[in-house]
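Trainee: With the sequence up front, the predicted model follows.
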Amino acid sequence: MACSNIVAGLSRDCNTNQGGIESIYIANGPVQSITETSGNVTAITVGGSAIGPSDFFEFQTPRQTSNLNSTITVSQEAGTATFDQQLTMVFNKMNTDMRNQLLLLSEATDLIIIAKDNNSVFWSVGLERGGYMISGTAASGTAYADANQMQIIVGGIEAHPMYTVDSSIVVA
């Protein structure tokens, strides 16, 4: 059986790309199903109903602090490929509300996590198997100019690369 199904190459794009994460949207799961075509999700079903903007909570982070990574691990020996998706979120000025959200995130096992990058593309994190908190830190800083902040890493290990998500699912 031939496993190579490459049908096209990739062209170099223009220099119009921007790094970083603009906003993060998180909803409660677990996901029952998704409607997806060519890597783009147009519907997410939870509890028998399609979810929409009112189901998501927006987490805003300071500019140029948060990032999204997907590490691909292929094992020829085992015949497997996994996609370890991790979203690092930074929040300035530790407070009780942050502490309480940190606790809730740490308890969750089936989050629906969508990150909007600075190119206005919405990316899924842990959509198929459930997103969860991986780690977090809270730091007061030492000097007056040091950051007083929390850093939270959420993610998921998936069977497929990150999906793009139709913005109408997440924002009105």
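Mentor: Nice, thanks for sending it over.
Trainee: Might you list the low-confidence residue ranges for the chain?
Mentor: Scanning the chain for pLDDT under 70 picks out the ranges 1-2.
Trainee: List the beta-bridge partners for the most centrally placed residue in it.
Mentor: Ranked by distance to the mean C-alpha position of the chain (C-alpha atoms, centre = their mean), the top residue is Val125 at 3.4 Å. Counting by DSSP bridges, Val125 is bridged to Ile113.
Trainee: tell me the contacts of it?
Mentor: By C-beta atoms under 8 Å, 6 or more residues apart in numbering, the contact set of Val125 is Leu68, Gln85, Gln86, Leu87, Ile113, Ile114, Ala115, Gly131, Val154, Gly155, Gly156, Met162. Heads up, the C-betas are built off the backbone N, CA and C, glycines and all.
Trainee: Could you check how far the longest helix along the chain is from the centre of its chain?
Mentor: Criterion DSSP state H: the longest helix present in the chain is helix 96-107. Distance of helix 96-107 from the chain centroid (C-alpha atoms, centre = their mean, to the nearest Å) equals 18 Å.
Trainee: got the contact list for it?
Mentor: Helix 96-107 is touched from outside by Ile26, Phe91, Leu111, Met133, Gly136, Ala138, Met150, Ile152, Val154, with contacts defined as C-beta under 8 Å, 6+ apart.
Trainee: For that helix, list every residue counted as buried.
Mentor: For helix 96-107, a neighbour-count test (16 or more other C-beta atoms under 10 Å) marks Met98, Gln101, Leu102, Leu105 as buried.
Trainee: can you give me the strands for the protein?
Mentor: For the chain, the strands defined by DSSP state E occupy 21-28, 33-37, 40-46, 49-50, 57-60, 67-75, 80-92, 111-117, 122-125, 132-139, 149-158, 164-165.
Trainee: Met89 is in contact with Gln149, correct?
Mentor: No: with contact defined as C-beta atoms under 8 Å, Gln149 and Met89 do not form a contacting pair (10.3 Å).
Trainee: Compare these two (neighbour count), which wins?
Mentor: Under the criterion of other C-beta atoms under 10 Å, the comparison of Gln149 against Met89 puts Met89 first, with 23 against 19.
Trainee: which residues pair with the more buried one across the strands?
Mentor: Met89 has the following beta-bridge partners by DSSP bridges: Ile152.
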